[in-house]
Each structure stands twice: as C-alpha cells, then as structure tokens.
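Trainee: give me a 3D structure for the following:
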Amino acid sequence: MDALVDILLNYGYWGMLVAAFLAGSFFPFSSEAVMLALLAAGLEPLPLVVYGTVGNVAGSMFNYAVGRMGRLDWIEHYLHVKKRDLDKARRFMAGHGAWFAFFSFLPVLGSAITIVLGLMRANIPISLISITLGKALRYILLVYSVDLLL
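Mentor: Sure thing, here's the model as predicted:
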C-alpha cells in the first residue's frame with residue numbers, strides 16, 4: 001500500500017481523486033492518508049477537498065451501481081462485503097433510505113450503506129446529495145483541523 005500511496009502522491013490532485021475513488025468504493029484504502037501527505041507536500045486545501053470529494057462520491061456511486069445490480073452472491077464473493085455488514089447497514093438506515101447516505105463516510109459501514117442504497121433502489125438525486133454532503137464535510141473537517149493544529 002505504501003508504494004501505491006507514493007505513486008498517488010506524485011500525481012498531486014489527480015492522485016487525490018484516484019485515492020478518494022478507491023476509498024469511496026469497496027476497496028480498502030485510506031484517502032485521508034493521501035490527503036494529509038499532499039497537504040504536507042504543500043498542495044492547496046480547497047482543491048484537495050474538491051478532488052477528494054468528487055473521487056469519493058464517484059466511488060460511492062460505483063457501490064450504488066453494484067448494489068443496484070442486486071446480486072448478493074457477487075457482492076459477497078467479489079467485493080468481500082459480508083451479508084452481516086449489509087444487514088447492519090439496512091438496520092442502520094431503517095426507514096430513512098437515501099438521507100442516510102450522509103453517513104457513507106463511515107469506515108466499513110459506509111461501503112455497505114452505499115451498496116444497500118443500490119439494493120433498495122434509493123432515490124438517486126437524494127442519495128447523491130446526501131453522500132456529497134457527508135464526504136465533503138469529512139474532508140473539510142480533516143483539512144481544517146490539521147490547519148488548526150499547525
């Protein structure tokens with residue numbers, strides 16, 4: 001993973017977008033580590049937040065599309081997302097649907113939430129808005145909390 005992070009750091013903002021896409025999808029990856037490294041390398045916070053948010057939302061919408069296919073056997077086998085995590089996400093979202101996409105920034109559960117949204121065929125515009133708000137807020141808090149600490 002360190003080699004991948006080094007490669008992404010060499011691509012600056014585009015590396016941030018790719019890292020965020022990977023982290024937003026079902027791949028186990030930390031876009032926060034890449035963002036912090038890029039901040040330390042002197043890149044501007046606002047573009048990092050924008051590229052990170054766009055990549056992370058795109059990764060979540062990829063999960064949504066996979067869930068929308070409705071193949072639980074594929075989700076468990078190829079994506080290694082356990083049925084237990086999907087059930088936990090369903091219970092977490094009970095009755096709130098697309099608005100709970102805001103919490104897709106949560107580790108592990110976030111991927112399950114976006115897959116379940118697809119399985120439930122949740123409203124795409126509301127899901128997209130909720131996902132974007134949650135992911136953007138997380139990156140904004142990360143960037144500006146680091147700024148306050150320095």
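
Trainee: does residue 29 count as helix, strand or coil?
Mentor: Under DSSP: H, G, I helix; E, B strand; the rest coil, residue 29 falls in the coil class.

Trainee: residue contacts, the spatially most central residue of the chain?
Mentor: In the chain, the residue lying closest to the centroid (C-alpha atoms, centre = their mean) is residue 24, at 2.4 Å. Residue 24 is in contact with 31, 55-60, 62-63, 104, 110, 135, counting by C-beta atoms under 8 Å, 6 or more residues apart in numbering. In this view, the C-beta of every residue, glycine as well, is placed from N, C-alpha and C.

Trainee: next: residue 11.
Mentor: Residue 11 neighbours (C-beta under 8 Å, 6+ apart): residue 18.

Trainee: likewise for residue 130?
Mentor: Contacts of residue 130 by C-beta under 8 Å, 6+ apart are 98-102, 104.

Trainee: the same query, at a cut-off of 6 Å, please.
Mentor: By C-beta atoms under 6 Å, 6 or more residues apart in numbering, residue 130 lies in contact with 99, 101-102.

Trainee: do you know the pLDDT at it?
Mentor: We have a pLDDT of 93 for residue 130.

Trainee: any buried residues in the helix or strand harbouring it, and which?
Mentor: Following DSSP states H and E, one finds residue 130 within helix 124-149. Using 16 or more other C-beta atoms under 10 Å as the test for burial, helix 124-149 gives 127-128, 130-136, 138-139, 142-143.

Trainee: any idea how far that helix is from the chain center?
Mentor: Centroid separation for helix 124-149 versus its chain: 10 Å, with C-alpha atoms, centre = their mean, to the nearest Å.

Trainee: now residue 46: how far from residue 116?
Mentor: Relative to residue 116, residue 46 is positioned 32 Å away (C-beta to C-beta, to the nearest Å).

Trainee: can you lay out the contacts of residue 130 as CSV showing distance to residue 51?
Mentor: Below are the contacts of residue 130 laid out as CSV (distance: C-beta to C-beta, whole Å):
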residue, distance to residue 51
99, 26
101, 20
102, 20
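
Trainee: narrow those residues to those in helices?
Mentor: Using DSSP state H to define helices, no part of the contacts of residue 130 is located there.

Trainee: how about stretch 116-127 as CSV, C-alpha atoms only?
Mentor: Coordinates of each C-alpha in stretch 116-127 appear next as CSV, following Å, rounded to 0.1, in the frame of the first residue of the first chain:
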residue,chain,number,x,y,z
VAL,A,116,-27.6,-1.2,0.3
LEU,A,117,-28.9,2.1,-1.2
GLY,A,118,-28.5,0.5,-4.6
LEU,A,119,-30.1,-2.7,-3.5
MET,A,120,-33.1,-0.7,-2.2
ARG,A,121,-33.1,1.4,-5.4
ALA,A,122,-33.0,4.5,-3.2
ASN,A,123,-33.7,7.9,-4.8
ILE,A,124,-30.5,8.7,-6.8
PRO,A,125,-30.6,12.6,-6.5
ILE,A,126,-31.2,12.5,-2.8
SER,A,127,-28.6,9.8,-2.4
